[in-house]
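J.: Show me how the following folds:
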Amino acid sequence: MQIKILNKSDNPTPGYQSEGAAGFDIAADEDVTLVAREGRLVSTGIHVIIPKGYEGQLRLRSSMYKTNLVMPNSPGTIDSDYRGEVKIAVLNTNPYCSRSIKKGDRIAQMVINKLPSVDIEEISEEDFNKDTTDRGEGGFGSTGK
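T.: The predicted structure follows:
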């Protein structure tokens, strides 16, 4: 499988940083300063062609937690039919301090995943209720303590 990348930035083309890396690193294409609790999209200058049947999942690099930056929609999904610029949603969770990202900083990674093809069938509430489980509607920590 091959991912094609159009790199409109001055940064090196994204790539894997180690032999066992699950994702390839993506760098910021602009200097950004996020004030306390500010969020925004950070430009990368890259566009990708992902084969049909696959998706690109965007995640912040694991080291970003040290800077109080998070990706509020992590993982973000890049669909195979999207051709726009890949942008990274970033939120500064620090309530007091600004955080900066410099152009060229590797801030995110993209992991490519194969997607199953599923058929969607609409059913009645009566048919839905026939398929019960012990868990039922329990969610959001209902199986833990």
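J.: And for Ile112, the neighbour number?
T.: Residues lying near Ile112 (other Cβ atoms under 10 Å) number 17. Every residue, glycine included, has its C-beta placed from N, CA and C.
J.: For the protein, give me the ranges with low pLDDT.
T.: 142, 144-145 (pLDDT under 70).
J.: the helices in it, which residues?
T.: Remark: helices assigned in the chain by DSSP state H are 125-130.
J.: In this protein, what residue spans correspond to strands?
T.: 4-7, 24-27, 32-34, 39-43, 46-49, 54-60, 69-70, 76-78, 87-92, 99-101, 106-114 (DSSP state E).
J.: Dump these into a markdown table; add distance to Gly139 as well.
T.: Shown next, in a markdown table, are these (distance: least, Cβ to Cβ, whole Å):
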| stretch | distance to Gly139 |
| --- | --- |
| strand 4-7 | 38 |
| strand 24-27 | 33 |
| strand 32-34 | 32 |
| strand 39-43 | 26 |
| strand 46-49 | 34 |
| strand 54-60 | 23 |
| strand 69-70 | 23 |
| strand 76-78 | 22 |
| strand 87-92 | 24 |
| strand 99-101 | 33 |
| strand 106-114 | 24 |
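J.: residues touching Thr93, list them.
T.: 37, 68-70 (Cβ atoms under 8 Å, 6 or more residues apart in numbering).
J.: Scan these and report the most crowded one.
T.: Leu69 (23 neighbours).
J.: I'd assumed Ala89 was in contact with that one.
T.: No: taking contacts as Cβ atoms under 8 Å, Leu69 lies outside contact range of Ala89: 10.5 Å.
J.: Just the terminal-to-terminal distance for stretch 118-134.
T.: End-to-end span of stretch 118-134 (Cα to Cα, to the nearest Å): 25 Å.
J.: How about stretch 102-111?
T.: First-to-last residue span, stretch 102-111, Cα to Cα: 23 Å.
J.: how about the protein, which residue sits the furthest from its center?
T.: Glu126 (37.0 Å; Cα atoms, centre = their mean).
J.: separation between that residue and Val42?
T.: Remark: distance between Glu126 and Val42 (Cβ to Cβ, to the nearest Å) = 48 Å.
J.: and of the contacts of Thr93, the nearest to Leu6?
T.: Of all the contacts of Thr93, Leu6 sits closest to Leu69, with 26.1 Å by Cβ to Cβ.
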